[in-house]
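Engineer: Next come a sequence and a model predicted from it.
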Amino acid sequence: MAGTLIVSNLTTDTDNTFIVRSNTGTTLFSANTTGIDVANSIGATAITNDKILSVANTKISGNIISSQITSVANTQLTGLIQAAQIGSANATLITSGTLPTARLPAGSVLQVVQGLLTTQVTTTTTNTFVTTGLLASITPTSSSSKILATVSGTGYTSASAVQGIWTLYRNSTNLSTYGFTLAYASGANLQTGITFSYLDSPATTSSTTYTLYFSLSNSAGTVTFNSPSAWGQPTATIILQEIAA
């Protein structure tokens, strides 16, 4: 039997429940004071997203898969998004916070440390390196990082045929980064700049100290580092830069 039932008002009995069943007794539609329950009567495409205003999170069970989410406003997010849940992020979208050094590309400067020396140091020791006192310490953030050490100061040799040699030590290891000044003229003295750089691979995350050492070579005399000039006592520097590998 087919047909149409038209009513303007239905009043339920005392249980306040209205039920429509199929001819086999299956509930097709049920309504009461708490809401409407529709069973086995909605087609797969009958309810579209424009017909849903909101769903309380207490009514959702199971997982919502990523293909079902088009976008989520950042104002609706609470808590932390785990790194494993982020495929990639455009750098232009990062406006605050700190980017971990491990995420920086190779060649990036991760940190810079400077050491200063404001006094002069003299040696008459031949063929044995002694410290100038110019040093700086750095703690690499990664064992694969490289350390770029740059030294700048002045050197002075006295008398003829005097040779001063400078080298860089990593802790107690001579890195053999030799720089030198020479004075060969009879009775001549020489003052010159001492500047050089060395890229080291310490392979550690422990505090590492780089120190400038110097020595007198092949002749008796005196070698001075960071010697005063007509403008006064200079300041020698050693700069350490950690470079991401």
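Structural biologist: Done, it's in. Numbering: from 1, shown residues only.
Engineer: drop to CA atoms for contacts and neighbour counts, all remaining ones
Structural biologist: OK.
Engineer: phi, psi of the residue most central in space within the chain?
Structural biologist: With distances taken as CA atoms, centre = their mean, the chain has residue 101 as the residue nearest its mean C-alpha position (1.7 Å). Reported as degrees, to the nearest 10, the phi and psi values for residue 101 are phi -60, psi -30.
Engineer: Who's the closest spatial neighbour of it, skipping the chain neighbours?
Structural biologist: Nearest residue to residue 101 in three dimensions, chain neighbours excluded: residue 110, at 6.6 Å (CA to CA, 6 or more residues apart in numbering).
Engineer: Next, count neighbours for residue 123.
Structural biologist: Neighbour count for residue 123, taken as other CA atoms under 10 Å: 19.
Engineer: right, and it touches residue 216 too?
Structural biologist: Yes. When contacts are counted by CA atoms under 8 Å, residue 123 is listed as touching residue 216 (7.1 Å).
Engineer: anything in contact with each of those two?
Structural biologist: Shared between the contact lists of residue 123 and residue 216 (criterion: CA atoms under 8 Å, 6 or more residues apart in numbering) are residues 222-223.
Engineer: can you give me the strands for the protein?
Structural biologist: Counting by DSSP state E, the chain has strands at residues 18-21, 27-32, 35-38, 109-117, 121-123, 130-138, 146-157, 162-170, 173-174, 179-183, 190-200, 208-217, 223-225, 236-243.
Engineer: Dump these into JSON lines; add distance to residue 67 and mean pLDDT as well.
Structural biologist: Written out in JSON lines, the entries for these read as follows (distance: least, CA to CA, whole Å; pLDDT from 0 to 100):
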{"stretch": "strand 18-21", "distance to residue 67": "36", "mean pLDDT": "77"}
{"stretch": "strand 27-32", "distance to residue 67": "31", "mean pLDDT": "74"}
{"stretch": "strand 35-38", "distance to residue 67": "26", "mean pLDDT": "64"}
{"stretch": "strand 109-117", "distance to residue 67": "39", "mean pLDDT": "97"}
{"stretch": "strand 121-123", "distance to residue 67": "71", "mean pLDDT": "94"}
{"stretch": "strand 130-138", "distance to residue 67": "48", "mean pLDDT": "97"}
{"stretch": "strand 146-157", "distance to residue 67": "44", "mean pLDDT": "93"}
{"stretch": "strand 162-170", "distance to residue 67": "55", "mean pLDDT": "90"}
{"stretch": "strand 173-174", "distance to residue 67": "58", "mean pLDDT": "96"}
{"stretch": "strand 179-183", "distance to residue 67": "64", "mean pLDDT": "64"}
{"stretch": "strand 190-200", "distance to residue 67": "49", "mean pLDDT": "89"}
{"stretch": "strand 208-217", "distance to residue 67": "50", "mean pLDDT": "93"}
{"stretch": "strand 223-225", "distance to residue 67": "69", "mean pLDDT": "91"}
{"stretch": "strand 236-243", "distance to residue 67": "41", "mean pLDDT": "98"}
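Engineer: Pick the most deeply packed of the ones you listed.
Structural biologist: Neighbour counts (mean count of other CA atoms under 10 Å) averaged over each of the strands of the chain peak at strand 223-225, with a mean of 26.
Engineer: So which elements touch it?
Structural biologist: The elements that strand 223-225 packs onto, with contact taken as 3 or more CA pairs under 8 Å, 6 or more residues apart in numbering; DSSP states H and E, are strand 121-123, strand 146-157, strand 162-170.
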